[in-house]
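# Quick one, what's the 3D model for this:
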Amino acid sequence: MPAAGRTYDDQRMLRGAALASVLVLTASYVSVLNEVAVIVGGGSDVVPVALVTLLVASVVAALVSERTAISAALLLMLLGNLWYIQSTPATVGLLLDAWRVLLSDAVSLLTGLSVVQLSNAGAWAVGSVPAPVFLSWYLAVRRHYAVSAAIGLAPLIVLVLTGDAGTLVTLAGVLGAAGAVGFGDLERRGASIEQADALAVTFAAMAVLSMTVTVIPAGSGSPLSFHGASGVGGGQGQTIEGGVIQSGGEFQIQGGVELSPEVRFTVESSQPGYWRTGVYDKFTGDGWYRTGGTNAWDGAVESPPGSTETVEQVYEIERPTGAMPSVYQPVELSGDVADATQISRQGSLVYERAFQSGDSYRVTSLRPDAAPAQLRQTDWDYPGSIRAEYLQVPSNQPGRVGDLATDLTADADNPYDAAIAIERYLEAEKTYSLDIDRPDGNIADAFLFEMDAGYCTYYATTMTTMLREIGVPARMAVGYSTGQPVDDDRYVVRGLNAHAWVEVYFEGEGWVTFDPTPSDGRQQLRESWVQRARSAGNDAVDTDESRDQPPTQYENETASTPSIDDPDDDTNSTNTTDPEDTNRTNSSVPSIEEFEEQPDETGGPLSWLPPPDMLAVAAIALLGLGVLSRRTGHAARARRAIGVHRQGRGRTPREDVERAFTRLEYLLAREKRPRSPTETPREYVDRMAADRDDERIDQLRRLYERARYGDDLGPAEADEAVDAIDDLVAERTRWMPNNR
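From the prediction side, this is the model:
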């Protein structure tokens, strides 16, 4: 039975608050899944699916039993998984293989793999929505708030473990769950709406605590996978190596960085090349993810489809590292490391342990070496699996990135010439520099339209994104550039050789390397850093082979980008095409101004404000303080303290008089006590002013009684009342504003 004094409005408000809290919880994890779908491109069906599911659950709640609803939720979960399986490349096959993928993905997600790294994250996001949304809302409508909150928290906890749910979203979800349970319990116990104040104070305390205590450090661990290890060890903090070689499947683009001149390894190779350590294929707008897991190395590696050259390499580790470089595509691996080596889906080697100084291993690679004439024969038609994975761009990427890419390649009649056009444009229009500020928003858009300089990750990210915008599959590769030649076919590779470049897919030929980063600027920086370290007496910057030689870097660092100087040349030479050659692109380069009419989405007049999560927590904390002050009486005392001094003008003389009398009550309450509910205004004033003979108090009382019970008052009487209370307040306080 409802408690005495409880109104029907209280019941409705508490139920409404509980249902609203469930919606907040639902919105928290749905918003994260929607963001995942937006990042992987192609738009998002997450929000429409969630809205339809809420509507269906609202109707079903009045029609079916809870057992039937639970069965329906399980069916929705099954259908969601089937949707993900059928839309994921290479999983349509035996049922056992499909469920193995599901189990592997589940374990990986629960141990730190971001949802974005799944092969088809968009399908997973959509398929994960109906079951929890349906059952959580169904139970909430039927007043099972605690179970509803538990079901809603389950997907949110998964997204926290994966690192996809940020602080603000997590806080909102937790507060939503707490609100559902709290308000629902108040409704069940027949409480009044005033008792909800305690919940508001609790929410505020939770919000403040969330900013000082980290329960689950997102992204701190490495995901487990049935496919094997997930990444390689990395470099040091804010260096290019720390960002490029850092593993774990995620790559966040940094701002200004430094160079590490210390030697990492020496490589003896039959051909110079880029010593690749990883590939990233999913662009988020401000960073990259690597999708798919790894498999144990067994030598069963598929060779590139086109013409290749064999590159024999022997790596000698000079300093402990987790990176395992190799020329793409490794097909043979020799040495004691083979049993502890994994290979990624993109063909990068991953060592399960850490290399120590003195370790070595041998790799045989088959590198695509198609001549420009061969690459020009390829067309724009790609397999569906390649298009699905390597044309992805965020749905919210500014359109001017694609517009510029389209304009630059307007005269290119094949993917090769399009890639060359974009590569040359970035080389010519941007300057190499490590001293930059990391932009907000989309990196490719910012580098093209807001920045004059950047380093390899900016160049590679932008070229990859532009190629994808025009329908050419591309991905970003990371590793080390060739290094310092010290003998025939031997190179000393330092931390400052850490690099990022682009791999472009050509049908029938495979992945071909392009490097849009200008070589001149970075060569000079590398050599100067080595010389400075040598002058400082740092022995770690050299080996016995390099110590007495100038630190000149290998000059032909774009050797793997096919030249277009000689279309019939079957060898890959440096990219030295005459800039006037218009065979590969349009004869005129568009100016950036042509695309700058679009507003900058990364800044604005409110860019000085603190981050949104801090603003939200501050707002919740202020709300809680306000409610707490109300419960403790501080709010009422503050109102009285302010009200004594403040006489706002009313719409009528009657209102002015009533406000003046209210100020008198505030003044007397501050000096003695507030008026009790059982006292009339006359009784209260008489008792509080019994020891005074003040005509102004009597005048205010008489005018108030006339205003309340007598005839209408005129402006003159209103002025008398305001003057009287102003005089009284002025006598008893140090400060009073002018109410005239």
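# so residue 291 makes contact with residue 117?
Yes: using Cβ atoms under 8 Å, residue 291 makes contact with residue 117 at a distance of 5.1 Å. Every residue, glycine included, has its C-beta placed from N, CA and C.
# Which neighbours do these two have in common?
residue 282 (Cβ atoms under 8 Å, 6 or more residues apart in numbering).
# and residue 697, what pLDDT?
Confidence at residue 697, expressed as pLDDT, is 81.
# what's the distance between it and residue 676?
Separation of residue 697 from residue 676 (Cβ to Cβ, to the nearest Å): 19 Å.
# Settle it for me: which of these two has more neighbours?
A side-by-side neighbour count of residue 697 and residue 676, using other Cβ atoms under 10 Å, places residue 697 first with 20 against 8.
# Give me the contact list for the helix or strand harbouring that one.
Using DSSP states H and E, residue 697 sits in helix 695-709. Contacts to helix 695-709, defined as Cβ under 8 Å, 6+ apart, come from residues 653-654, 657-658, 660-661, 664, 681-682, 685, 689, 713, 717, 720-721, 724-725, 727-728.
# Give the buried residues for the helix or strand just after it.
Next helix or strand after helix 695-709 toward the C-terminus (DSSP H and E): helix 715-732. By 16 or more other Cβ atoms under 10 Å, the buried positions in helix 715-732 come out as 717-718, 720-722, 724-726, 728-729.
# Ok, stretch 337-349 next?
337, 341-349.
# so of the residues you listed, which ones are in strands?
Using DSSP state E, 341-344, 349 are the members of the buried residues of stretch 337-349 that sit in strands.
# Which two of those residues have the greatest separation?
Maximum pairwise distance in these, criterion Cβ to Cβ, is 10.9 Å, between 341 and 344.
# any residues in contact with both of the two?
residue 350.
# if I look at residue 50, how far off is residue 323?
42 Å.
# Between these two, which is the more surrounded one?
residue 323 (31 against 24).
# which residues touch the spatially closest residue to residue 259 that is not a sequence neighbour?
Once flanking residues are discounted, residue 259 sits nearest to residue 496: 3.9 Å by Cβ to Cβ, 6 or more residues apart in numbering. Residues near residue 496 by Cβ under 8 Å, 6+ apart: 240-241, 259-261, 525-526, 529-530.
# how about the strands in the stretch 451-600 of the chain?
Taking DSSP state E, counting those that start in this stretch, the strands of the stretch 451-600 of the chain run over residues 453-454, 474-480, 484-487, 490-494, 498-506, 510-514.
# quick one on the thing from earlier: confidence-wise, which of the contacts of residue 496 comes last?
Out of the contacts of residue 496, that is residue 240, at 66.
# re earlier: right, so of the strands of the stretch 451-600 of the chain, which gets closest to residue 358?
strand 490-494 (15.6 Å).
# who does the closest one touch, helix- and strand-wise?
Contacts defined by 3 or more Cβ pairs under 8 Å, 6 or more residues apart in numbering; DSSP states H and E place strand 490-494 against strand 263-269, strand 484-487.
# for stretch 528-545, which positions count as buried?
529-530, 533, 541-543.
# An error on my part: the question was meant for stretch 290-300.
290-295, 297.
# Residue 269: what's it in contact with?
Contacts of residue 269 by Cβ under 8 Å, 6+ apart are 311-314, 327, 489-491.
# that older thread, deepest in the core, which of the helices and strands packed on strand 490-494 is it.
strand 263-269 (a mean of 23; mean count of other Cβ atoms under 10 Å).
# any idea of the mean pLDDT in that strand?
On average, strand 263-269 scores 95.
# what angle sits between that strand and strand 474-480?
110 degrees (axes from the mean of the first three to the mean of the last three Cα atoms, to 10 degrees).
# From the chain's centroid, how far away is the helix or strand just after strand 263-269?
Next helix or strand after strand 263-269 toward the C-terminus (DSSP H and E): strand 275-280. Its chain's C-alpha centre and that of strand 275-280 lie 23 Å apart, by Cα atoms, centre = their mean, to the nearest Å.
# Stretch 430-445 now?
18 Å.
# Select the longest helix from this structure.
helix 8-39 (DSSP state H).
# what's next to the first helix or strand past it going along the chain, contact-wise?
Counting by DSSP H and E, the next helix or strand C-terminal to helix 8-39 is helix 46-60. Outside of helix 46-60, the residues within contact range by Cβ under 8 Å, 6+ apart are 26, 30, 33-34, 37, 69, 72, 125-126, 129-130, 133-135, 137-138, 141.
# What residues of helix 46-60 count as buried?
So for helix 46-60, counting by 16+ other Cβ under 10 Å, buried means 46, 49-50, 53-54, 56-57, 60.
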